[in-house]
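**Student:** what follows is a predicted protein model with its sequence.
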Amino acid sequence: MENRSNMPTFILLAYDLSSIIFFLLLLLTYCVTLTGNILIICVIWRSHHLHNPMYFFLANLSFLEIWITTTITPKFLAILSNGNRAISFWGCLVQCYIYFILASVEFISLTIMSFDRYVAICYPLRYGTIVNSLLCLYLIIGSWIGGMISTLPPSVILPFMTFCGPNRLEHFFCDIDPILRLICEDTSLLNLLNLLISSFTVLGSLLFISVSYIFIIIAIIKIPSSGDRWKSFSTCVSHLLLVSIFYSGSVFMCLRIIKNTSVDFNKLAVVLNTIVTPLMNPFVYTLRNKQVKVAMKELLFKTVQK
C-alpha cells in the first residue's frame, strides 16, 4: 500500500471464531439490544408522565446505544458468517469516525445525566426551573456537536497520510491504533491529538461525574430519614451502573500498554462499550424503575387492545 489509490481494502483480523454458537449468540445479543432500546424510546415518547428531563436524557442514551452497537456488530456478524474480512479504505475511516463520535457523545451524555441527578437531589425545589425543556435540548445538541468536533481533527488529517506495508488490521473493526500502525509517515501529531482528545473527553467527564456524586452523597447523608436517603440514592443507581460499565472499557484501553499478557485490553474495551453497555441499558433502567415498568405495561396493554 504505497498510497491511497492502490489500497482499496483493509483486512480485519478479528478473532478466529467460526463457531455457529458464537454467531447466534452475538446475533441474539444484537437483536435484544435493538429491541430493548427501541422499546425504551417508544415508551418514553408515548407516556406523558415520563416527559421529564431524566427520561429525555435516557431516550437520547438509548438512541446512542442503538447506533454505537450498529456501527460495529453487523460487520462483525458478516465476518463470522461468511469470513469476508475486507472493508474499503473509506468505509474503514467512516466506521472509525462514527464509532469515536458516538463514544464521545456517550461520555458527554453520561456526564449530563450526572448533572441532572445532582440538581434533582441537591436542589429539588428548583429542579423544574433549572433543568427545563430548553436547557435539556441545548445540552443534548451540545453533546452531539461536542462529540463531532472532538473527533474531527484526527479524522481530517488521517486520509491525507501515506500508507504502506500490509493492509491487515489487528482488530474486528477499524480502530484508530491499528490504522496508525500502517502509516509510513510520522504519526506523532495524530498520537498527540488522540491523547489530548481522549484525556479531555474521558478524564474530564469522569472528573465531572465524580464531583457531582460527591455533592450528591453529601446531600443524601444530610437527609434525616433512612427511607428517604435510600429513595434519593436509588434514582442514581441505574446511572452509576452504566457509568461503571462504560468507563471500565476506557480503563481497559489504558491497560493496553501492559506487555506480556494474553488479554487484548483494546478489544475487550470495544466489546464492553459496543455490546455489553448497549445490551445492559434497557435492563438497568427497566428492572429498577417502577415508572418505566408501569408505562411499558400500559403501552403493551394499549397495543394488545388495538
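**Tutor:** Happy to help now that I have it. Numbers count the residues shown, from 1 in each chain.

**Student:** which stretches in the stretch 51-200 of the chain count as strands?
**Tutor:** Using DSSP state E, counting those that start in this stretch, the strands of the stretch 51-200 of the chain run over 86-88, 168-169.

**Student:** contacts for the longest one next, please.
**Tutor:** With Cβ atoms under 8 Å, 6 or more residues apart in numbering as the contact definition, strand 86-88 has outside contacts at 8-12, 75, 95, 174. Backbone N, C-alpha and C define where each C-beta goes, glycine included.

**Student:** at 10 Å instead, please
**Tutor:** Defining contact as Cβ atoms under 10 Å, 6 or more residues apart in numbering, one finds that strand 86-88 is touched by 7-12, 75, 78-79, 92-95, 167, 169, 173-174.

**Student:** do stretch 216-228 as well
**Tutor:** Applying Cβ under 10 Å, 6+ apart, the external contacts of stretch 216-228 come out as 114, 117-124, 213, 229-233, 235-236, 240.

**Student:** which of those residues are buried?
**Tutor:** When the contacts of stretch 216-228 are checked for burial by 16 or more other Cβ atoms under 10 Å, the buried set is 114, 117-122, 213, 232-233, 235-236, 240.

**Student:** can you flag which of those belong to helices?
**Tutor:** For these, membership in helices holds for 114, 117-122, 213, 232-233, 235-236, 240, with DSSP state H as the criterion.

**Student:** and those residues, which is closest to Leu300?
**Tutor:** For these, the closest approach to Leu300 (Cβ to Cβ) belongs to Thr235, at 24.4 Å.

**Student:** Cys164: how many residues sit nearby?
**Tutor:** Neighbour count of Cys164, defined by other Cβ atoms under 10 Å: 13.

**Student:** pLDDT at it, what is it?
**Tutor:** Listed pLDDT for Cys164 reads 76.

**Student:** the one 3 residues further on now?
**Tutor:** Reading off the confidence values, Asn167 has pLDDT 80.

**Student:** hang on, isn't it packed against Ile183?
**Tutor:** No: look at Asn167 against Ile183 with Cβ atoms under 10 Å: they stay out of range, at 11.9 Å.
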